[in-house]
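Student: Quick one, what's the 3D model for this:
(one chain, ligands or ions: 1)
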Amino acid sequence: MSGTRGSIPRSPAFDDTLAFVRSGYLYGTRRFRTLGADAFEARLGGRKAVVVHGREAASVFYEGDRFSRERAMPTSVQHLLQDEGSVQALEGLAHHHRKSMFMRMLDEPHVLRLVDEFDLQWARVRAEHAGHTVPLYDLGNLVLTRAALAWAGVPAGTVDDRELAGRLAAMVDAAATIGAPNWIARSRRRRAEAWAAALVADVRAGTVEAGEHTAIRMIADGSDHHGAPLPEEVAAVEVLNVLRPIVAVSRFLVFAVHALHTHPAWEPVLAEDAAAATRFANEVRRFYPFFPVIAGTARRDFDWHGRNFEPGERVILDLYATNHDPRNWAEPRRFLPERFERWDGDPNTLVPQGGGDAATGHRCPGEAATIALTARFARLAASRPFEVPEQDLRISLRHIPALPMDRMRVTMRA
Ligand code: HEM
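Tutor: Next comes the predicted model:
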């Protein structure tokens, strides 16, 4: 264990937990600025961590198999978002094998089918709410839940979709909470897991039919890297790992409408040009706040930044600061979709869904689906299916995960 230690500055506070709670998404950005460094050491949640950001940091964090997610995030976050036995908890061969299932499930033909389901469900919900003023966030959760269920191959009528939408959304909404709200969301999650486990059992027993290439079928038939079938509870966790994040795209739908409302010049452009809608979706993902950070635990000894990292050390990659890093993004605080006309596609500069390579590391396998759904909805919204009434459009960067104050209320046209 050679190498130097201490070339990375320390945060001035003994413990940064309160600073993180107070500053939210801007916690890292503020410390990087005052310390004049792109990495610093801090105590967070009573444990030491090295907080890092930027292109190079994202590459070290995501490439080269240096980090696991083991004991990296507080259990309150871990249990709501991924949970034990999930792809995110795996490393090496086991991870590679499970990840390939997700990559197949979320390839281009599957993404196209998901967008088609989304279109159908949007048309249905739009008609159901004609003339009403509703929070777009809640509507998005419902549309995406229905689309995800149909796409995944869950037979219609086997689950209360409104209730499931609430449970899936709560897993993300309550991830950063502690105490009662977190416990309530975790108990709602356990009920969703029980439903998913029963569904997997029914698909395996043949009492519920799921189409050949559907996500439910692929997970029910899934095996580990030794060829053994996935235990029912692990398969259930992975069912939720597909449904929950599809529903989470609702935040980006809201942000897309926020962006269109505040930059109306984009409306005619999006209506005309599908490629512009993709650039718009990417700028939504870069500009607006979603997951602030991702934590990892070093799996082995390595040197970075003139410092030696030991196995078990915790590193926190600041995703928000990386997405707003002026070294890679000119005028990072301006919403400029046209910047993606010239973007070089570097996997470690645009990291709202992680960095590196999705097939080999922990980068999100659902990125293409997220971009396609957000771009599709931006185009739908540009055709003005609703009015945006007077409301509080502010987005507090202190609240994780962020949303506009009034959850983006819209009045659906008849
Ligand atoms: C709402 C948009 C989304 C955001 C902001 C998001 C964000 C992320 C991030 C930051 C990671 C990396 C976690 C890490 O490094 O440990 C990740 C991983 C993951 N995401 Fe997403 N995601 C989104 C949508 C999706 C979708 C649509 C799916 C699937 C349908 C999905 C499934 C997953 C899975 C299974 C992983 C774990 C991958 C692994 O550990 O190898 N996500 N996501």
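Student: so which helix or strand takes in residue 260?
Tutor: helix 250-262 (DSSP states H and E).
Student: which residues sit against that helix?
Tutor: The contact list for helix 250-262, computed with CB atoms under 8 Å, 6 or more residues apart in numbering, reads 136-137, 140-141, 143-144, 169, 172, 266-267, 270, 280-281, 283-285, 287-288, 290, 335, 370, 373-374, 377-378, 381-382, 388, 393, 395, 401-404, 407-408, 410. Using the backbone N, CA and C atoms, a C-beta is placed for each residue, glycine as well.
Student: rerun that using 7 Å as the cut-off
Tutor: Contacts with helix 250-262, where a contact means CB atoms under 7 Å, 6 or more residues apart in numbering, come from 136-137, 140-141, 144, 266-267, 281, 284-285, 288, 290, 335, 370, 374, 377-378, 381-382, 388, 393, 401, 403-404, 408.
Student: and what of stretch 95-114?
Tutor: If you take CB under 7 Å, 6+ apart as the criterion, stretch 95-114 is touched by 87, 90, 147, 151, 215, 218, 222, 224-225, 242, 358-360, 365-366, 368-369, 372.
Student: from the contacts of helix 250-262, which ones fall inside strands?
Tutor: When DSSP state E is applied, these are split such that none fall in strands.
Student: contacts with the ligand among those residues, please.
Tutor: With the criterion set as CB under 6 Å from any ligand atom, the members of the contacts of helix 250-262 near the ligand are 290, 370.
Student: need the contact list for residue 77.
Tutor: Taking CB under 7 Å, 6+ apart, we find residue 77 in contact with 175-176.
Student: Find me the pLDDT at it, would you?
Tutor: With respect to pLDDT, residue 77 scores 72.
Student: element containing it, please.
Tutor: Assigned by DSSP H and E, residue 77 falls in helix 75-81.
Student: Quick check: what element follows that helix along the chain?
Tutor: Next helix or strand after helix 75-81 toward the C-terminus (DSSP H and E): helix 92-105.
Student: Just the buried residues of the helix or strand just after that next one, please?
Tutor: Proceeding N to C from helix 92-105, the next assigned helix or strand is helix 108-128, under DSSP H and E. By 16 or more other CB atoms under 10 Å, the buried positions in helix 108-128 come out as 110-111, 114-115, 117-118, 121-122, 125-126.
Student: And stretch 35-53, by the same measure?
Tutor: For stretch 35-53, by 16+ other CB under 10 Å, it's 35, 37-42, 44, 49-53.
Student: Sort out for me which of those are in helices.
Tutor: Under the assignment DSSP state H, those contribute residue 35 to helices.
Student: what subset of the buried residues of helix 108-128 is also close to the ligand?
Tutor: Applying CB under 6 Å from any ligand atom, the subset of the buried residues of helix 108-128 adjacent to the ligand is empty.
Student: Kindly indicate which of those residues lies nearest residue 204.
Tutor: Lowest distance from residue 204 to those (CB to CB) belongs to residue 110, with 21.3 Å.
Student: circling back to that earlier point, what's the angle between the helix holding residue 260 and helix 108-128?
Tutor: Here helix 250-262 points in a direction 70 degrees away from that of helix 108-128 (axes from the mean of the first three to the mean of the last three CA atoms, to 10 degrees).
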